[in-house]
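Got a predicted structure here, sequence first:
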Amino acid sequence: MRRAATVTVSALSLALVTGCGGSSGSASPDAGGSASTAAAKAYTATELRHLLVTEADLDGYDVKSASAGGKFAASKDEVTVTDAKCAPLAYVLTGFAPGDDESAYVNRMVTEKSEKPSSTSTSDESLEELEKSLKDIMGSTMTIVSLSSYDGDGAARTMKSVSDAVAGCAGGFTIAAKGQDTQKFTKVVGEKSSGTGERSVAFEVTGKVEGDTQTVHGEVVRHGSTIATYYSISLAALAGEKSEYAIPTEVIKAQAAKLT
């Protein structure tokens, strides 16, 4: 359990630096060059917050601020990426909007609910209940859901940069920031996306955490002038107890519904 907790904290320091249809990588088509896209007007941060998923939209999930975990860097300017074309993916993994010219950005953390122990007693029954609760927590998937907004064709250009990054960064990349340990990612693989929005790009990133190989999942979706980003981590996978997981479908559907 101690090792699992250490791995989780290490991973979260990176993640919370704050997180059907279509093909692998650049899943669904984008009408990026249309007149409506060029004329798109960005939302403000206040407007985006009203569009972010809440607990009322997701049964069985806790939804809270993603800012409590601290930042990997104070701004994008402090994030250094070994290969510039991989920057959109690095930004997703470090709690920033994937594009370079967003007008606003907001995010929240969505976690599967787990049963809390009903007693603080140290009896055998209570200890078993606590152990079950901890296993439930470790078995949950944590997702950072974010929204960023862009003027003109900024959202379409952002989607292209993400798609290009997934295709061009297969060999991985390294992220660094002042005062933080360097984070090395060894592989990027395109995945089947949700197919929501005008265009969606999904990917899997493999990296090293506490010397162990770990995998996280991301998806970036364009809804008009707004980009929805999903970044999921399985705590069980980080602890070496689970090998396969995905971004919860219901989370993507709930957020997509609020942007439709």
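Cool, the structure landed. Quick caveat: nothing in here was measured; it's all calculated off a predicted structure.

Measure how buried the residue lying closest to residue 78 once chain neighbours are set aside is and give me the count.
Spatial nearest neighbour of residue 78, excluding adjacent residues (Cβ to Cβ, 6 or more residues apart in numbering): residue 177 at 5.1 Å. The C-beta positions use only the backbone N, C-alpha and C, and glycine is treated the same way. Look at residue 177: counted by other Cβ atoms under 10 Å, it has 21 neighbours.

And residue 177, how far from residue 200?
Distance from residue 177 to residue 200, counting by Cβ to Cβ, to the nearest Å: 28 Å.

And residue 233, by the same measure?
From residue 233 to residue 200 the distance is 20 Å (Cβ to Cβ).

contacting residues for the nearest residue to residue 154 once chain neighbours are set aside?
Leaving aside its chain neighbours, residue 154 sits nearest to residue 101 (5.3 Å; criterion: Cβ to Cβ, 6+ apart). The contact partners of residue 101, taken as Cβ atoms under 8 Å, 6 or more residues apart in numbering, are 150, 151, 154.

and the residues you listed, which are buried?
Buried by 16 or more other Cβ atoms under 10 Å: 150, 154, out of the contacts of residue 101.

Could you dump the contacts of residue 101 into TSV and include secondary structure and distance to residue 221?
Shown next, in TSV, are these (DSSP: H, G, I helix; E, B strand; the rest coil; distance: Cβ to Cβ, whole Å):
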residue	secondary structure	distance to residue 221
150	coil	13
151	coil	19
154	helix	15
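
so what's the backbone phi/psi at the residue nearest to residue 154?
Backbone torsions of residue 101, given as degrees, to the nearest 10, read phi -130, psi 40.

One more: the one 4 residues further on?
With angles defined as degrees, to the nearest 10, residue 105 shows backbone torsions of phi -150, psi 130.

got the phi/psi numbers for residue 194?
Per degrees, to the nearest 10, the backbone of residue 194 is at phi -70, psi -20.

count of neighbours near the closest residue to it other than its chain neighbours?
Leaving aside its chain neighbours, residue 194 sits nearest to residue 252 (4.7 Å; criterion: Cβ to Cβ, 6+ apart). Using other Cβ under 10 Å, residue 252 has 26 other residues around it.

any idea where the helices of the stretch 51-200 of the chain begin and end?
Using DSSP state H, counting those that start in this stretch, the helices found in the stretch 51-200 of the chain span residues 87-93, 124-138, 154-168.

Tell me which residues are up against the shortest one.
Around helix 87-93, the neighbours that count as contacts under Cβ under 8 Å, 6+ apart are 14-15, 17, 76, 79, 81, 97-99, 158, 161-162, 165-166, 169, 173, 175, 183, 185, 188, 203, 205, 216, 218, 220, 229, 231.
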